[in-house]
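In: Sequence and predicted model, in that order:
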Amino acid sequence: MKKQNIRSAFKTSKFKYGGYATLLTIIVIAILIAINLVVDMVPFRLDLTKNKVYSLSEQTYNILDNLEEDITIYTINEVNASSSVVDEILLRYKNYSNKITIDYIDPDRDPAKAQAYTKDNQTLQKGDIVVASGEKFQIIKSYNLLNYSSSTYSPESLAVEQRVTSAIMFVSGAEAPVIYVLEGHGEMDLGYNVTNKMELENFTINSLNLVTTKEIPEDADVLLINGPSKDLLEEEEKLIRDYLSEGGNAVFLMDPLVGELELFSSLFKSYGVSEQKAYIIERDQASYYTNPMYLLPKYQEHDITDPLNKVDTPLIVPIAQGIEILDAKRNTLTIEPLLSTSSQAFARPLDSTSSSTEKEDGDIDGPFDIGVVIVDKVYDLVANESFTSQIIVFGHVISSQRANFTQTDAGIDLFLNSLNWLVDREQSITIRPKLIQETPLKVTQAIFNLYGIISVIIVPLGALALGIVVWLRRRHL
């Protein structure tokens with residue numbers, strides 16, 4: 001009798017409905033597991049972040065397309081224990097190119113391998129990255145994967161692609177441009193932050209004293225002059241003129257608080273520009289930051305500034321002077337502005353004793369260009385050869401000694417873009433750090449009320465209605 005009851009229980013409608021529900025649940029779970037397994041195996045990734053934090057730039061893809069040697073990117077950590085953000089970005093490299101391999105080095109379990117990838121007394125720490133090809137490698141310290149705010153010291157931008165792509169270029173044999181930094185005229189110190197980022201972008205930095213060397217070395221890709229407070233000697237000026245006339249490149253960052261430097265001024269005028277030797281005061285509130293002398297200049301269209309302009313990265317320039325483009329200049333010169341103030345700006349001569357931020361008699365009307373690019377194309381009949389020299393002049397300085405235009409990442413990016421443009425490295429111009437932004441959810445009162453109605457009234461009523469329907473159906477089983 002009991003057996004018969006058990007058998008009949010399996011034939012009831014309740015059992016059938018319950019069995020169907022259980023089977024359907026198992027099938028759905030199996031499908032979800034299968035989908036997750038397949039999706040995990042598919043290399044395609046969709047970046048839904050506002051700033052495309054996980055995406056690689058077109059320039060990185062171009063570099064990966066031209067790789068000839070195999071490259072391994074090591075994360076210094078336990079397997080699968082590193083940053084998910086870094087891992088996700090590195091995975092994009094591996095998925096795009098079969099020349100890229102991702103691996104791990106655990107310095108605790110394999111100290112010998114970790115030791116093999118150390119140099120200059122640098123000890124590998126967890127979170128670092130090593131990019132290697134053959135015997136050539138470059139270490140990227142974990143703290144260089146993020147850029148930090150100079151005021152709050154909180155993470156401001158993500159520099160993983162910038163650093164890794166630069167390291168790939170280095171180990172794959174790309175040449176390191178040589179920057180000679182002029183000394184002997186009271187120049188400003190570039191500071192560790194700037195020189196470190198120059199080295200991370202594979203620039204070789206050498207100092208240069210023209211009084212002792214009597215020449216600009218032949219391997220000089222760029223001559224950098226940062227905030228001189230003393231003038232050139234005549235023989236120095238001639239060396240710089242000769243260097244530029246033969247296709248040399250130079251960046252001049254001029255201190256607006258220093259008086260007239262005659263030979264520097266003469267050199268600039270021969271290239272169609274002149275320093276205005278007056279500090280700029282901005283009256284347009286949207287064009288300065290907290291202080292009318294802390295400018296928020298407008299980016300002008302140029303390969304150097306376009307990447308910053310596209311992502312709307314603000315640039316703060318404390319204390320600047322105008323760089324005037326002269327009407328009378330050689331027809332071999334092409335001069336383009338990089339940064340400009342608003343039309344409401346004015347400039348106050350250095351000999352003024354006024355501390356007012358209001359325009360006064362003797363002040364110079366704006367707008368002003370505070371950064372220009374000069375290209376000089378000359379054909380030498382004697383040598384039967386064409387020479388193109390490129391010069392960038394900024395009306396402000398890089399300084400670790402006082403507020404400067406590298407106060408934000410945008411300032412350093414602009415400077416690095418300028419150097420990369422001079423040495424014709426377009427891919428490095430556009431690979432810039434990705435801003436880390438938290439976009440707050442703006443909820444109006446109407447939306448707040450709607451969410452309240454849905455969560456407090458509609459959802460409970462829906463659950464109640466569904467429960468009643470299920471109960472009524474089960475009554476008739």
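Out: Looks like it came in fine. What you see is a predicted model; the values in this text were computed from it and never measured.
In: quick one: T341 and D365 touch, right?
Out: No - the criterion here is Cβ atoms under 8 Å, and T341 misses it with D365 at 11.0 Å. All C-beta atoms are positioned from the backbone trio N, CA, C, and that covers glycine.
In: lowest average confidence, helix or strand, in the chain?
Out: Lowest by mean pLDDT, DSSP states H and E among the helices and strands of the chain is helix 2-10, with a mean of 52.
In: Tell me which of T341 and D365 has more neighbours.
Out: Comparing T341 with D365 by other Cβ atoms under 10 Å, the one with more neighbours is T341, at 27 against 11.
In: Look up phi and psi at the more buried one.
Out: Main-chain dihedrals, T341, degrees, to the nearest 10: phi -90, psi 180.
In: which residues of the stretch 351-477 of the chain score low on pLDDT?
Out: 383, 400-409, 427-444, 473-477 (pLDDT under 70).
In: 80 - rerun?
Out: Along the stretch 351-477 of the chain, segments meeting pLDDT under 80 span 379-385, 398-410, 426-449, 451, 466-467, 469-477.
In: In the protein, which strand is the longest?
Out: Determined from DSSP state E, the single longest strand within the chain is strand 369-380.
In: which parts of the helix or strand just after that strand are buried?
Out: Going down the chain from strand 369-380, the next helix or strand is strand 385-394, by DSSP states H and E. For strand 385-394, a neighbour-count test (16 or more other Cβ atoms under 10 Å) marks 387, 389-394 as buried.
In: and the residue lying closest to L233 once chain neighbours are set aside, how far is that from V375?
Out: The shortest distance from L233 to any non-neighbouring residue, by Cβ to Cβ, 6 or more residues apart in numbering, is to V211 (6.9 Å). Distance of V211 to V375, computed by Cβ to Cβ, to the nearest Å: 29 Å.
In: Between these two, point out the one with more neighbours.
Out: More crowded of V211 and V375, by other Cβ under 10 Å: V375, with 14 against 11.
In: What's opposite the more buried one in the beta bridge?
Out: Taking DSSP bridges as the rule, V375 bridges to T334, Q390.
In: Now for it: which residues touch it?
Out: The contact partners of V375, taken as Cβ atoms under 8 Å, 6 or more residues apart in numbering, are 333-335, 388-391.
In: In CSV, list the residues you listed along with distance to V470.
Out: Listed next are the contacts of V375 as CSV, based on distance: Cβ to Cβ, whole Å:
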residue, distance to V470
L333, 83
T334, 78
I335, 79
T388, 80
S389, 83
Q390, 77
I391, 80
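In: Out of those residues, which two sit at the greatest distance?
Out: Pairwise distances across the contacts of V375 peak at 14.0 Å for I335 and T388 (criterion: Cβ to Cβ).
In: all helices of the stretch 1-150 of the chain, in order?
Out: 2-10, 13-41, 58-65, 84-96, 111-116 (DSSP state H, counting those that start in this stretch).
In: Return the distance of the third one from the chain's centre.
Out: What separates the centre of helix 58-65 from the centre of its chain is 17 Å, taken as Cα atoms, centre = their mean, to the nearest Å.
In: in that helix, what counts as buried?
Out: Those would be 59-60, 63-64, for helix 58-65 by 16+ other Cβ under 10 Å.
In: So which of those is the closest to L350?
Out: The shortest approach to L350 among these belongs to Q59, at 42.0 Å (Cβ to Cβ).
In: surely the closest one meets N420?
Out: No - the criterion here is Cβ under 8 Å, and Q59 misses it with N420 at 10.8 Å.
In: Not counting residues beside it along the chain, what's closest to V130?
Out: Here the residue nearest V130, using Cβ to Cβ, 6+ apart, is Y74, at 4.2 Å.
In: Can you give me the neighbour number for the one you found?
Out: The local packing of Y74 (other Cβ under 10 Å) involves 22 other residues.
In: before we move on, back to that, closest to L263 among the contacts of V375?
Out: Closest to L263 out of the contacts of V375 is I391 (15.5 Å), distances taken as Cβ to Cβ.
In: how close does that closest one sit to K94?
Out: Taking Cβ to Cβ, one finds I391 at 41 Å from K94.
In: Now I89. Nearest residue, chain neighbours left out?
Out: Nearest non-adjacent residue to I89 (Cβ to Cβ, 6+ apart): V160, at 4.8 Å.
In: Compute the distance between the one you found and G362, please.
Out: 51 Å.
In: Pick out whichever of those two has more residues nearby.
Out: When V160 and G362 are compared for neighbours, V160 comes out ahead with 24 against 11, by other Cβ under 10 Å.
In: Show me the shaky parts of the stretch 201-350 of the chain.
Out: Scanning the stretch 201-350 of the chain for pLDDT under 80 picks out 310-313.
In: can you pull out the strands in it?
Out: For the stretch 201-350 of the chain, the strands defined by DSSP state E, counting those that start in this stretch occupy 204-208, 222-226, 249-253, 273-281, 288-289, 291-295, 298-299, 317-318, 321-325, 333-340, 346-349.
In: partners of the first one, with directions?
Out: If I follow you right, that is strand 204-208. Strand 204-208 is paired, per DSSP bridges, with strand 178-182 (parallel).
In: residues in contact with the partner strand?
Out: For strand 178-182, contacts defined as Cβ under 8 Å, 6+ apart pick out 187, 190, 198, 203-210, 216-217, 219-226, 228, 419.
In: Flag the shaky bits of the stretch 51-200 of the chain, pLDDT-wise.
Out: Where the stretch 51-200 of the chain drops to pLDDT under 80, the residues are 51-55, 57-58, 78-84, 119-123, 146-158, 173-175.
In: one more time with 70, if that's ok
Out: 51-54, 79-83, 120, 147-156.
In: Return the residues in contact with D70.
Out: So D70 contacts 99, 101, 133 (Cβ under 8 Å, 6+ apart).
In: Export those to TSV and append columns for distance to V469 and neighbour count.
Out: Shown next, in TSV, are the contacts of D70 (distance: Cβ to Cβ, whole Å; neighbours: other Cβ atoms under 10 Å):
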residue	distance to V469	neighbour count
K99	60	19
T101	57	14
S133	65	20
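In: just checking, which of the residues you listed belong to strands?
Out: Short answer: the contacts of D70 in strands (DSSP E) are 101, 133.
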